Every structure is written in C-alpha cells, then in structure tokens.
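# I would like to see how this sequence folds:
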Amino acid sequence: MGAVDRRGPSRGAARDGRYLGAAVRIDQIEAEPRLAEAVLRDCASLTPEIDMKWDALQPGPGEWRTGPADGLVAFARQHGLAVRGHTLLWDQSTPAWVRARLERDPGDWSLVADYFKTVLGRYGAFVDEWDVVNEPIDTGVRDNLRATVFRKAYGPDYVARALHEARAHAPHARLVVNDYGFDYDNPVENARRAAFLRLLEDLKARGAPLDGVGVQAHLDLGKGPLKRELLAPFFSRIADLGLGIAITELDVKEHDLRGDVAERDRQVADHVQAYLDIALEQASVTGVTTWGLSDRHSWLQKKPVRPTASPAGLNRGLPYDGALTPKPVYWTIQQAMLDAKASPMLTNR
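The predicted model follows:
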C-alpha cells in the first residue's frame, strides 16, 4: 500500500470535554454537500461506517483497497477532526479468504499479526482509539464468547491476544472492546451485561492492554423503558475497572412508521434523553457517536433510500431526517452534550 499523507495538523476531538461524533462514509460526504456541512457543524470525531473493516480494506490476499478509508482520514485531518478506528476484528467483516485460511490452518496467528501491522502502521498516527475486537460476547455458551471465526481458530484467549497485538503496533492508542445489547431489562440483555463485565474483569486481571469499552446503544422503542437502576450500575462497574466508556453507535429503532411524525419524533427524542441522562452522569463516558447522521443513510432502513423519498416513511432514529432537516432528537443530543461539558465532574478531565 502507498503511504497516507501525514502533512498538516490534527486537532482531534474536543479534549476539554466529551466529544460528539458520527459514523460516516466518505462517498456520501463527497456526494452530498449538505451532509458534509452537517458533519463539519456537529462532529468532533468520525467513525468509518464500513471502510476500515477487514473485508473492505483487504478483500483478497495481497489485495488492498484503502481509497475510501484514506479519503475519510484526509477529510478528517483537513478539518481537524478525530478518527475512531472501527474495527480490527469483527466476525461479520472477516474476508472469505481469511475464513478459508483459518479453516485449513486454525491457529495461524500470522494473518492477524500481519493485518494489524499493516493497518495500524498506516492509520495509527491519525487514530486515537481503536475497536480492537467488535462484538465478542454471547450468552449461554462456553466462556460467554461468541463462536466467531477467531474464537474457533484461536480459542478463548483471542481477545487478550488481539489487544496485545494492537498495543505492539499502536503503543499510544486507546484500545477498546465494543459490543451491543446492554440497554434493557430482559433476560437476554441482563445476561449480556453480566457476561460483558466478566470478560472485562478477566481481561484486566490478566493484564491485557484494555483502555476502554464501546457501548453501542442501538436503542429500540419496542423493548420497553430504560431503567436507571440497571444501566447506572453497569456503567459504574466498568468505570471501577479503570476503563473509559464511549457510546459508539447511538440510534433508535422504531416499530410503527405509520403514526404522526411529530409524535414519533417526540418518542425518539424522549428515549434518547432518558438514555443520555443515565450515561452522561458517569464521568468515565468520554463521548457519544451516532451511527449515522441522517435517517436516509441509516442501516435501519430496510432497503436503499432515494433522496426524493418521503422522510416520514423512514425510521426516524437519527439526528437529521432524510432531507437533512434536524429533528427533536438532534436538539436533545446537542443539549445533553452541552450540559455534560458544563458538568463539574468534567473540570479535571
């Protein structure tokens, strides 16, 4: 691969308080000036939605496609924004050729080592925080680890091993484990919170270089209310382990798209307000990233959306509607972040 241009200053995220970011794609930013304006207006940090995943960067052995990731990094550096590395290991973004190699030769760590060396060597100067392992946990299974290609090939120590590998190539970055399904009071998510905490405790006890966690926060209006008595202790337990917490993929799933738009927007905004009221009172929460900015670009849409589509017909769980008009949840997030930055508990950060 060629070298990324390292010229120019990089301001990074707002370091005097919590940052607000979004997952974005450079092709969409370049195609839509209004989206680019919204990104620059609202974000201190950008997460590559798809372009820094393994199958996007290295679709074949020796075949590198770094153009989109390079473009996003260049855009961020041009405008003084931070870039969050997402993600090094994720089962669902593992290239088919890597799966095939590991089926033939399980235990061949050189695949991971070479990939980390190349990617962290290329982007490590510009990325302060990496999702080293994405979505590793499961419940009701051995070790509470999902049966990913990496768990099958390398055994239960693969998470710790990946963190050590990342530290070797990115000695100054914050290394993170990112996962979902912690938000609601139901048997599955209650068990997932417990399993995630056990993984974090084990990694810390074994001296793995884990600096923080990513809590995805894909909220869902169909799952009932958010309960402070469950979420606040969960955040506190993570903080007690000395780990930072990033809210990494915030959005809201609706279940009825036929109702009055104003009422739907109120429900989304109220749900996000309830979540941020709990999350942001924990001083270890360093920032909030939404998984996209505009409903039209949301992964929650069931099919691709044309720019002319009616915004009312879309899942309305992101700050801007499909026409890039801010919705009530936009102002909810903005005010929550302003209140958090003004909080006395942040004065010594």
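# and stretch 207-221, how far out from the chain middle?
With C-alpha atoms, centre = their mean, to the nearest Å as the basis, stretch 207-221 stands 8 Å off its chain's centre.
# just use 36 as the starting number from now, easier for me
Let's use 36 as the start, then, which means that last one is stretch 242-256.
# that stretch: end-to-end distance?
Taking C-alpha to C-alpha, to the nearest Å, stretch 242-256 runs 38 Å from one end to the other.
# do I have it right that Val108 meets Arg119?
No: between Val108 and Arg119 there is no contact, the gap being 11.2 Å when judged by C-beta atoms under 8 Å. In short, each C-beta sits where N, CA and C put it, glycine included.
# which residue sits closest to Pro130, ignoring its sequence neighbours?
The spatially closest residue to Pro130, leaving aside those adjacent along the chain, is Asp90, at 4.5 Å (C-beta to C-beta, 6 or more residues apart in numbering).
# pretty sure that neighbour is in a helix, no?
Yes: counting by DSSP: H, G, I helix; E, B strand; the rest coil, Asp90 is part of a helix.
# quick one: Val167 and Leu123 touch, right?
Yes: using C-beta under 8 Å, Val167 is in contact with Leu123, at 5.1 Å.
# which one's more surrounded, the two?
Neighbour totals were compared for Val167 and Leu123, and Val167 leads with 30 against 26 (other C-beta atoms under 10 Å).
# list the contacts of that one.
Going by C-beta atoms under 8 Å, 6 or more residues apart in numbering, Val167 touches Thr122, Leu123, Leu124, Ala197, Leu198, Ala201, Leu210, Val211, Val212.
# my guess is the first one contacts Asn169, does it?
Yes: the pair Thr122 / Asn169 is scored as a contact, 4.0 Å apart, by C-beta under 8 Å.
# ok, and for the helix or strand where Val211 lies, which residues are buried?
In this assignment (DSSP states H and E), Val211 forms part of strand 209-214. Buried residues in strand 209-214, counted by 16 or more other C-beta atoms under 10 Å: Arg209, Leu210, Val211, Val212, Asn213, Asp214.
# same question, stretch 226-235
For stretch 226-235, by 16+ other C-beta under 10 Å, it's Ala226, Arg227, Arg228, Ala229, Ala230, Phe231, Leu232, Leu234, Leu235.
# from Val168, how far out is the closest residue to the first one other than its chain neighbours?
This means Ala226. Nearest residue to Ala226, sequence neighbours excluded (C-beta to C-beta, 6+ apart): Thr174, at 4.1 Å. Distance, Thr174 to Val168, by C-beta to C-beta, to the nearest Å: 17 Å.
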